[in-house]
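# After the sequence you'll find the predicted model.
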Amino acid sequence: MQQLKNMLARDNVRGVVRSSSDEIIEFHNPGVKDLFNLVETRPHVLEGAFVADRVIGRGAALLLVLGRVERVYAELISVQALQVLQEAKIVVDYDKVVANIINRDGSDICPVEKLTMNVNNPNVAFERIKDFLNNK
């Protein structure tokens, strides 16, 4: 996990996945787009994986549960995301917990955090996030 944390220190890296077969995948886009694409196209990579990310909200947490990751590190995590991961028995390390993830301009709660706020089923979250990303 320390290797993944170190990789987050690079400016262009938003998140890092180390699969159970030691494949390393970096996320470069803000938000959940890269994680969503991985869940959609290569879900086997996430099963048993370690993931380090700068920001994890509820939507990302539900995607990580859907992907069946083993361990997660977040520089910043929302209370709801932390609950989702802990309820799924995923080991979670973090630097800072906040009430909600805030959108990029700081004016409101992150839209993905909002649209998954009352969602407990990771498959439902996946479909809502898919619709959101397709309509962006």
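Looks like it arrived, so ask away.
# What are the contacting residues of stretch 129-136?
Outside of stretch 129-136, the residues within contact range by Cβ atoms under 8 Å, 6 or more residues apart in numbering are 32, 33, 36, 40, 59, 63, 111, 112, 115, 116. Glycine gets a C-beta too; all of them are placed from N, C-alpha and C.
# residues contacting the first one?
Just to be clear, that refers to residue 32. Residue 32 makes contact with 57, 59, 60, 63, 112, 129, 133 under the criterion Cβ under 8 Å, 6+ apart.
# Tell me which stretches of the protein form helices.
2-8, 33-41, 43-46, 58-67, 79-87, 111-115, 122-134 (DSSP state H).
# between these, which gets the lowest average pLDDT?
Across these, helix 2-8 has the smallest mean pLDDT, namely a mean of 89.
# From the contact counts, what lies against that helix?
strand 15-18, strand 50-56, strand 71-78 (3 or more Cβ pairs under 8 Å, 6 or more residues apart in numbering; DSSP states H and E).
# Nearest to residue 44 among these would be which one?
strand 15-18 (11.8 Å; Cβ to Cβ).
# what helices or strands is that closest one leaning on?
Going by 3+ Cβ pairs under 8 Å, 6+ apart, strand 15-18 lies up against helix 2-8, strand 24-27, helix 33-41, strand 50-56.
# which of these is buried the deepest?
Across the helices and strands packed on strand 15-18, averaging neighbours per residue (mean count of other Cβ atoms under 10 Å) puts strand 50-56 on top, at a mean of 23.
# So what's the gap between that one and the chain middle?
When C-alpha coordinates are averaged (Cα atoms, centre = their mean, to the nearest Å), strand 50-56 and its chain have centres 6 Å apart.
# for the most centrally placed residue in the chain, what are its contacts?
The chain has residue 60 as the residue nearest its centroid, 3.2 Å off, counting by Cα atoms, centre = their mean. Applying Cβ under 8 Å, 6+ apart, we find residue 60 in contact with 32, 35, 53, 81, 112.
# so what's the most far-flung residue of the chain relative to its centre up against?
No residue in the chain sits farther from the centre than residue 107, which is 21.4 Å out by Cα atoms, centre = their mean. Listed by Cβ under 8 Å, 6+ apart, the contact set of residue 107 is empty.
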